[in-house]
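>>> from the sequence below, what's the structure:
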Amino acid sequence: SKFNQFVRDIYQTNNFIPLHEPRFLGNEKKYVLDTIDSTFVSSVGAYVNDFESKIQHFTGCAKAIATVNGTAALHIALLLAGVKRDDIVITQALTFVATCNALSYIL
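Take a look at the predicted model:
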């Protein structure tokens with residue numbers, strides 16, 4: 001398929017391509033090392049602040065908050081939307097389990 005060829009062109013191989021192998025194509029490694037050196041490797045720091053500011057500007061929202069992952073973001077969105085235990089929430093059948101995990105966290 002065109003997609004398979006696209007991925008193979010990026011990796012420049014016809015061999016097995018691992019699912020989770022890190023690929024640093026630009027400044028990613030430098031940014032990770034900067035973050036480690038700054039001692040802010042969690043939910044705060046210059047890169048997080050910059051990311052949130054850029055998302056805020058891009059979306060035109062008053063605030064933007066980075067989360068650890070999509071499940072956490074969906075959980076927060078459900079809480080902010082007022083979804084409560086035993087509410088009916090419709091989701092798609094063809095999705096990653098994280099979509100339903102976020103729903104399961106509503107108490």
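>>> now the residue lying closest to residue 98 once chain neighbours are set aside: phi and psi?
Nearest in space to residue 98, with sequence neighbours left out and distances taken as C-beta to C-beta, 6 or more residues apart in numbering, is residue 71 at 4.2 Å. Any C-beta I mention is one placed from the backbone N, CA and C, and that applies to glycine too. Main-chain dihedrals, residue 71, degrees, to the nearest 10: phi -60, psi -50.
>>> unless I'm mixing things up, residue 71 is touching residue 102, no?
Yes: with contact defined as C-beta atoms under 8 Å, residue 71 counts as touching residue 102 (5.1 Å).
>>> looking at these two, which is more packed in?
It is residue 102, of residue 71 and residue 102, that has more neighbours when counted by other C-beta atoms under 10 Å, with 23 against 19.
>>> contact partners for the residue most central in space within the chain?
Centroid-nearest residue in the chain: residue 69, 4.7 Å away (criterion: C-alpha atoms, centre = their mean). Neighbour list for residue 69: residue 98 [criterion: C-beta atoms under 8 Å, 6 or more residues apart in numbering].
>>> same check on residue 105?
Counting by C-beta under 8 Å, 6+ apart, residue 105 touches residue 75.
>>> report the separation between residue 74 and residue 94.
Residue 74 sits at a distance of 16 Å from residue 94 (criterion: C-beta to C-beta, to the nearest Å).
>>> could you list the buried residues of stretch 71-83?
The neighbour-count check on stretch 71-83 (16 or more other C-beta atoms under 10 Å) flags 71, 72, 74, 75, 78, 83 as buried.
>>> helix or strand for the residue nearest to residue 103 when sequence neighbours are not counted, which one?
Among residues not flanking residue 103 along the chain, residue 89 sits closest, at 5.6 Å (C-beta to C-beta, 6+ apart). Using DSSP states H and E, residue 89 is not contained in any helix or strand.
>>> would you agree residue 89 is in contact with residue 77?
No: with contact defined as C-beta under 8 Å, residue 89 does not reach residue 77; the gap is 11.1 Å.
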